[in-house]
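Colleague: pasted the sequence and its predicted model underneath.
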Amino acid sequence: ARIQALFLSILPCVLSYIYCQRYYIDTCFNRKAFIFTCISFVLFNLAVNTISEYRDCINGIDNPNSPGTKYRLVTGIVPRKNVLILGIVSFIIASICGILALYNSSLCLLIPGVIGAGIALFYSENPLGLKYKALGEVCVFICYGLLLGFSTIFSLTNNCKVIDIIVFIPGGLLIPYVIS
């Protein structure tokens, strides 16, 4: 998985915390649910990236000249099975952290959690393979721009307004271009 993608998972979490410090001054923060939400998002990102790279390799999209770490998969330096296992384990731990966030917050986190997990699952997996149908950037926008904004603010404050989500839209629009 690319390190800049993991950094871009952490950054919106930090920014949402700063945002809440500024605009939810009189609110008692639920830091435990917030931390579980952020860890869940980072691990879902790791799962999506590793499984996506595995799928690209298996489907013949990557070749030995591919940039980044992908050539290691194609040439066999990194065993493909290990990458797939890392992705699956990351997905499972992310799901557990999501459930812990839900347990420590409210059932309102279930909807973005299920949507995010569904996007993570079907980003490169059959039968949908969303990234292979030119929907990769849309998925990234939905996850980073809408779901992450709502989930982090709601897990921290147990409250979220439309304006809170709107604040995350510009970042959600930019992130697909930064990680591509």
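Modeller: It's in. Bear in mind the structure is a predicted one, so any value in this text is a computation, not a measurement.
Colleague: now do the helices in the protein.
Modeller: Using DSSP state H, the helices of the chain run over 3-23, 31-58, 70-75, 80-104, 110-122, 136-141, 148-157, 162-179.
Colleague: ranking those helices by mean pLDDT, which is last?
Modeller: Of all the helices of the chain, the minimum mean pLDDT falls on helix 70-75 (a mean of 70).
Colleague: relative to Leu128, which of the helices of the chain is closest?
Modeller: helix 110-122 (3.9 Å; Cβ to Cβ). From N, CA and C alone the C-beta is placed, and that goes for glycine too.
Colleague: how far does the closest one sit from its chain's centre?
Modeller: Here helix 110-122 shows a centroid-to-chain-centroid distance of 10 Å under the convention Cα atoms, centre = their mean, to the nearest Å.
Colleague: now do it against helix 31-58, angle only.
Modeller: Orientation of helix 110-122 against helix 31-58 (axes from the mean of the first three to the mean of the last three Cα atoms, to 10 degrees) gives an angle of 20 degrees.
Colleague: C-alpha coordinates for helix 110-122, PDB please?
Modeller: Only the C-alpha atoms of helix 110-122 are listed here, as PDB (Å, rounded to 0.1, in the frame of the first residue of the first chain):
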ATOM      1  CA  LEU A 110     -23.900   2.000  11.100                       C
ATOM      2  CA  ILE A 111     -25.100   3.500   7.800                       C
ATOM      3  CA  PRO A 112     -21.800   5.200   6.800                       C
ATOM      4  CA  GLY A 113     -19.900   2.200   8.100                       C
ATOM      5  CA  VAL A 114     -21.800  -0.300   6.000                       C
ATOM      6  CA  ILE A 115     -21.600   2.000   2.900                       C
ATOM      7  CA  GLY A 116     -17.800   2.400   3.500                       C
ATOM      8  CA  ALA A 117     -17.300  -1.300   4.100                       C
ATOM      9  CA  GLY A 118     -19.300  -2.100   0.900                       C
ATOM     10  CA  ILE A 119     -17.200   0.300  -1.200                       C
ATOM     11  CA  ALA A 120     -14.000  -1.100   0.400                       C
ATOM     12  CA  LEU A 121     -15.100  -4.700  -0.400                       C
ATOM     13  CA  PHE A 122     -16.200  -4.100  -4.000                       C
END
